[in-house]
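Visitor: Show me how the following folds:
(one chain, ligands or ions: 1)
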Amino acid sequence: MDAYDIFKKLTKGLKFKHRVIGVKNDIQPSKKDFKKEVEIKHEPEEVKEEIEIKEEIEDNDEVILSHSDNESASEKEDLQIVEGVKFGEKKKKEKKDKPEDLKKKLELEEQNRFRNEHGIKAVGRHIPSALKDFTELTSRYNIKPALVDTVTQCGYTEPTPIQRQALPCMLEDRQILACAPTGSGKTAAFLLPLFHVLGGAQGGPRALILCPTRELAHQIYRETLRLSASSSLRCSVVKKYREALRLSASSSLRCSVVKNVKESKMKEREATIKKSDIVISTPNRLCYLLNQDNVTISMDKVRWLIIDEADKMFEGSEEQARDFRQQLQQVLAACGGKQRRVAMFSATHTPAVAKWCRHNLRGLISITVGQRNAATQLVSQRLLYCGSERGKLLAFRQLVQAGLKPPVLVFVQSKERARQLFKELLYDGINVDVIHADRTQAQRDNVVRSFRVGSVWVLICTELMGRGIDFRGVNLVVNYDFPPSAISYIHRIGRAGRAGQPGEAVTFFTQDDVVNLRSIASVLKQSGCEVPAYTLQLPRDRARARRRQQHAPYREHIDTSLHKPDKRKLEGENEDQVKPKDTNSVRDAKTKNRGKFLIRNRESIAIKKKDKTKQRMTI
Ligand SMILES: Nc1ncnc2c1ncn2[C@@H]1O[C@H](COP(=O)(O)OP(=O)(O)OP(=O)(O)O)[C@@H](O)[C@H]1O
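Guide: Residues are numbered from 1 along each chain as shown. You can find the predicted model right below:
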């Protein structure tokens, strides 16, 4: 490449007023250039501007031209650029920012850089800046140092991305819709602002937390106690221990979970709720209580309404979602105070929630951490084709043989199947237990406790445990039955890989699961995990997939003692037309069969007796 080529490259798209001289003696500008020169000369005003522009971009020229070693400074001076630069831009630059505007601009840029670094996206007006560390809570919002100390004592050295953005928003009284990966500390993100805003014990209730299951309600309750222990923690370091304890006891917040609302306990529950500052409940229980004639609970003082696992509440059939919306409207109407604010949290985002928030929440800030509706990056995921139901059991036993690293969570689609799998594994010598909605509350609490302390290694569960439940250090999630949707998959596998810990997830599938395979394979692919290429090219059938979300498919019994092939499958019946077995009908059938068995047994006993008497007679 000679000097002319370099020159042409550097000045591509630009026009020159004068003949270019001296770049190299042998270079003569073309006829075209002379024509341009004449044209420009007829436009004196533009030429005037051109000099100013030249001055402004001279520096740039320096930079570009400095790459050409052969050119002298005098040669550079001969270059006058008249085109290729927008005039409007120059004017903008001329307008100098006021120092305070400049400061604001810089701060904003710094904030955006900081948010990008932590994968935070926030949409809304006047968004408070994200938190750099927990001590900022004290300097910016005057939060008691004791509370910050407690947070640190809980092992939270620095805020998680959702905490960085949600905490300042809530502390500045802004309504939010927050979406952040599973296990990323959303609970603390809504609890800490509550402790600050509510201050000391006054009763009320003044904050209401709604969540989809009793288990989750109890877990939030435990986390509330842990994080609100600030005053008592402080006591341990003060000398006048008793005095401090007395003070802390009088000032600490009261929190309660709405339990079984039996007729006999109604008044008791009412009194507890009235005394509590923070009330945690499932929407059903709360609305049931509010609808009782003999109960007078005022929700007027509620300052914050938190909805955890918000998208779950809007999920399900049209009817279920409508029911929840009605319940929510009832709760909102009950919490009628002007001061009332709403914050919604979940790991997944659905249009229904976003729409509701846009219509009902003023000045909303929408916060998203990472990619929406993506699985946590901490879990390595894989799909395993098992061929048939028997193949699944075999695959699970192989996993066990290869060496399971407890604790392990195994998800199945129904209570029935949870029982069946439990029976199977019980005799395999695995330390296993089962949890589902048919077990009593005491049994469920016991199982959860045993799993937490490590006396149960493998816990078989249904969708009941799919959301929000935080078991520390779950190493493996097995989707024994394919999840009904990608959303359910994200939540299920999110029971592993929490609070920065790595985890693993295996999802079994058979031919029956092809309907949802593509959407779930896409989630795996998005997380960078390997999936068979064909799974991403399977045809979509949205209608069938939606049906799958509402009705689990029929599956063969999990029972190695029954080697019979499935009659319905042999007859080629469409699995979507087959309704899942109703628990009652199964129970009825069992009792009927048991009845037959008893009759048959009694009959045989009678025959045997007859035979014996005959024998005796013959003897
Ligand atoms: N700042 C922090 N530093 C370290 N650990 C944290 C921090 N905040 C929360 N945790 C821990 O992370 C775990 C998960 O928190 P949490 O249950 O609130 O997650 P989540 O985002 O609500 O998850 P899910 O979407 O599954 O409900 C908990 O054990 C909690 O104690």
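Visitor: hang on, residue 302 packs against residue 204?
Guide: Yes. Counting by CB atoms under 8 Å, residue 204 is a contact partner of residue 302 at 7.1 Å. All C-beta spots, glycine's among them, are computed from the backbone N, C-alpha and C.
Visitor: so what's the backbone phi/psi at residue 369?
Guide: For residue 369, the backbone dihedrals (degrees, to the nearest 10) come out as phi -110, psi 130.
Visitor: In contact with it, which residues?
Guide: Contact analysis of residue 369 by CB atoms under 8 Å, 6 or more residues apart in numbering lists 118, 119, 120, 121, 161, 162, 165, 179, 180, 181, 184.
Visitor: Can you pull the domain assignment for this structure?
Guide: If you go by automatic domain parsing, the domain ranges for the chain are 3-87, 115-245+257-369, 379-550.
Visitor: Turn these into CSV, columns for distance to residue 560 and mean pLDDT.
Guide: Below are those laid out as CSV (distance: least, CB to CB, whole Å; pLDDT from 0 to 100):
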stretch, distance to residue 560, mean pLDDT
domain 3-87, 75, 44
domain 115-245+257-369, 31, 87
domain 379-550, 6, 92
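Visitor: ok, and the closest non-adjacent residue to the residue in the stretch 301-450 of the chain positioned nearest to the ligand?
Guide: Closest contact between the stretch 301-450 of the chain and the ligand, by CB to the nearest ligand atom, is at residue 347 (3.8 Å). Spatial nearest neighbour of residue 347, chain neighbours left out: residue 182 (4.4 Å); criterion: CB to CB, 6 or more residues apart in numbering.
Visitor: and if you look at residue 308?
Guide: What sits nearest to residue 308 in space, not counting adjacent residues and going by CB to CB, 6+ apart, is residue 211, at 4.2 Å.
Visitor: For whatever residue of the stretch 351-500 of the chain ends up closest to the ligand, which non-adjacent residue is spatially closest?
Guide: Proximity of the stretch 351-500 of the chain to the ligand (CB to the nearest ligand atom) peaks at residue 499, 3.2 Å away. Leaving aside its sequence neighbours, residue 499 sits nearest to residue 183 (CB to CB, 6+ apart; 5.8 Å).
Visitor: Can you tell me the SS state at the one you found?
Guide: Secondary structure, DSSP: H, G, I helix; E, B strand; the rest coil: residue 183 is coil.
Visitor: who's in contact with it?
Guide: Going by CB under 8 Å, 6+ apart, the list of residues near residue 183 reads 376, 378, 470, 494, 497, 498, 499.
Visitor: Any of the residues you listed buried? List them.
Guide: Buried by 16 or more other CB atoms under 10 Å: 376, 378, 470, 494, 497, 498, out of the contacts of residue 183.
Visitor: Is it correct that the fifth one falls within a strand?
Guide: Spelled out, it's residue 497. No. Looking at residue 497 with three-state DSSP, it is coil, so not inside a strand.
Visitor: What about residue 199, how many residues nearby?
Guide: For residue 199, the neighbour count with other CB atoms under 10 Å is 12.
Visitor: Could you check how far it is from the ligand?
Guide: 23 Å (CB to the nearest ligand atom, to the nearest Å).
Visitor: Which residues of the stretch 51-200 of the chain lie near the ligand?
Guide: 155-156, 159-160, 163, 180, 182-188 (CB under 6 Å from any ligand atom).
Visitor: which one of those is nearest residue 482?
Guide: Residue 482 lies nearest to residue 182 out of these, by CB to CB, at 18.7 Å.
Visitor: after the helix or strand harbouring residue 165, next one along is what?
Guide: Per DSSP states H and E: residue 165 is located in helix 161-171. Heading C-terminal from helix 161-171, the first helix or strand you meet, by DSSP H and E, is strand 176-179.
Visitor: Can you spell out which helices and strands pack onto that following strand?
Guide: helix 161-171, strand 341-346, helix 351-360, strand 365-369 (3 or more CB pairs under 8 Å, 6 or more residues apart in numbering; DSSP states H and E).
Visitor: Select, out of the ones you listed, the one closest to residue 554.
Guide: Here helix 351-360 is closest among the helices and strands packed on strand 176-179 (CB to CB), at 28.4 Å.
Visitor: can you list the residues of the stretch 451-600 of the chain near the ligand?
Guide: Proximity of the stretch 451-600 of the chain to the ligand, by CB under 6 Å from any ligand atom, involves residues 468, 470, 472, 494, 498, 499.
Visitor: Let's have these in TSV, adding distance to residue 353.
Guide: Below are these laid out as TSV (distance: CB to CB, whole Å):
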residue	distance to residue 353
468	16
470	22
472	28
494	18
498	23
499	25
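Visitor: quick one on the thing from earlier: quick one, phi/psi of the residue of the stretch 351-500 of the chain closest to the ligand?
Guide: phi 50, psi 40.
Visitor: try residue 228
Guide: With angles defined as degrees, to the nearest 10, residue 228 sits at phi -90, psi 10.
Visitor: can you pull the contacts of the nearest residue to residue 362 once chain neighbours are set aside?
Guide: Excluding the flanking residues, the one nearest residue 362 by CB to CB, 6+ apart is residue 175, at 6.8 Å. Listed by CB under 8 Å, 6+ apart, the contact set of residue 175 reads 341, 342, 343, 357, 361, 362, 363, 364, 365.
Visitor: next one: residue 360
Guide: Contacts of residue 360 by CB under 8 Å, 6+ apart are 332, 342.
Visitor: Could you rerun that using 10 Å?
Guide: By CB atoms under 10 Å, 6 or more residues apart in numbering, residue 360 lies in contact with 175, 325, 328, 329, 332, 342.
Visitor: if we can go back for a sec, ChimeraX command to pick out the buried ones of the residues of the stretch 51-200 of the chain next to the ligand?
Guide: In ChimeraX, this line selects whichever of these come out buried by 16+ other CB under 10 Å:
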select :156,159,160,163,180,182,183,184,185,186,187,188
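Visitor: circling back: I'd like the distance from the residue of the stretch 301-450 of the chain closest to the ligand to residue 309, if you could.
Guide: Per CB to CB, to the nearest Å, residue 347 is found 8 Å from residue 309.
Visitor: before we move on, back to that, which one of the contacts of residue 360 sits in the busiest neighbourhood?
Guide: Within these, most neighbours by other CB under 10 Å means residue 342, with 23 neighbours.
Visitor: Hmm, residue 178 and it touching each other?
Guide: No. Using CB atoms under 10 Å, residue 342 is not in contact with residue 178, being 11.4 Å away.
Visitor: With the ligand as the reference, measure out to residue 543.
Guide: Residue 543 is 29 Å from the ligand, by CB to the nearest ligand atom.
Visitor: Burial check on that residue, number of neighbours?
Guide: Neighbours of residue 543 using other CB under 10 Å come to 10.
Visitor: same thing with residue 340?
Guide: Neighbours of residue 340 using other CB under 10 Å come to 18.
Visitor: what about it, distance to residue 192?
Guide: For residue 340 relative to residue 192 (CB to CB), the value is 19 Å.
Visitor: now stretch 386-403, how far from the chain's geometric center?
Guide: Distance of stretch 386-403 from its chain centroid, counting by CA atoms, centre = their mean, to the nearest Å, is 30 Å.
Visitor: likewise stretch 296-313?
Guide: Here stretch 296-313 is found 20 Å from its chain centre; the criterion is CA atoms, centre = their mean.
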